[in-house]
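Undergrad: what's the 3D shape of this:
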Amino acid sequence: MQLFGSLWNLISLSIATYFGHEQNTNRTYADIHINASLLCEGEPAADVLVELDRLKTERWPRISFAMNKHVSDQNGVINLHARFHENITAKVFIYHDCHNNCVLKNLCKPTIELRLPDLQLVGEGIQEVKEYQLGPIELSDRKSYDQYCECIVPWLSSYSF
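TA: Numbers count the residues shown, from 1 in each chain. All right, here's what the predicted structure looks like:
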């Protein structure tokens, strides 16, 4: 049984190292901080799911990974934080119910997709913070933001709509 435990620890450490979890405090990284306030018809939009994804990394060129996701508070405020160890392309996805005109309203949400500038690490051993103030976002404004219906199967999602 002790051999199994040691083997499991070795496998876990290998997987954590491979996927970039912080093992060395001298490793180059950058933190992302995203702040926004969400509105629907000028009123705070509470309980809106916002997700920060990294896209097209060198290691995984065609897969999107959620770096962090959170739900807006009763004032419509959202704060997301994430750490990255490689150059990435990141997007923010906002899944909301403001004027939901999707065909399957129970399974689909209007979605706003915002691309952040490509995030580049500055240099070896440098730790930096990149802050993005997305400002007030009016979810009912279909002209300012590219919106589409994203359909999610609730039993496969970690967030229940």
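Undergrad: and P110, how many neighbours does it have?
TA: 22 (other C-beta atoms under 10 Å). Where C-beta positions appear, they are placed from N, C-alpha and C, glycine not excepted.
Undergrad: Kindly report the same for S37.
TA: Close neighbours of S37, defined as other C-beta under 10 Å, add up to 18.
Undergrad: Could you do G42 as well?
TA: G42 - counted by other C-beta under 10 Å - has 8 other residues nearby.
Undergrad: now it, nearest residue through space, not along the chain?
TA: Nearest residue to G42, sequence neighbours excluded (C-beta to C-beta, 6 or more residues apart in numbering): E138, at 7.5 Å.
Undergrad: The residue nearest to R142 when sequence neighbours are not counted: which element?
TA: Leaving out its chain neighbours, the residue that sits closest to R142 by C-beta to C-beta, 6+ apart is H99, at 8.0 Å. If you go by DSSP states H and E, H99 is not part of any helix or strand.
Undergrad: how about H99, what does it touch?
TA: H99 sits next to C40, P110, L139, S140, R142 when contact means C-beta atoms under 8 Å, 6 or more residues apart in numbering.
Undergrad: Can you say which two of these are spatially most distant?
TA: Greatest spacing in those, by C-beta to C-beta: C40 and R142 (12.4 Å).
Undergrad: These two - which one has more neighbours?
TA: Higher neighbour count among C40 and R142: C40, with 19 against 13, using other C-beta under 10 Å.
Undergrad: Please verify my assumption that the more buried one contacts L139.
TA: Yes. Using C-beta atoms under 8 Å, C40 is in contact with L139, at 4.9 Å.
Undergrad: what do those two both touch?
TA: Common contact partners of C40 and L139 (C-beta under 8 Å, 6+ apart): H96, C98, H99.
Undergrad: okay, these in a markdown table with pLDDT and distance to V71 next?
TA: Listed next are the shared contacts of C40 and L139 as a markdown table, based on pLDDT from 0 to 100; distance: C-beta to C-beta, whole Å:
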| residue | pLDDT | distance to V71 |
| --- | --- | --- |
| H96 | 88 | 11 |
| C98 | 87 | 14 |
| H99 | 80 | 19 |
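Undergrad: Let me see the ranges of the strands in the protein.
TA: Along the chain, counting by DSSP state E, strands occupy 29-40, 43-44, 49-55, 64-71, 77-84, 89-95, 108-115, 127-138, 147-151.
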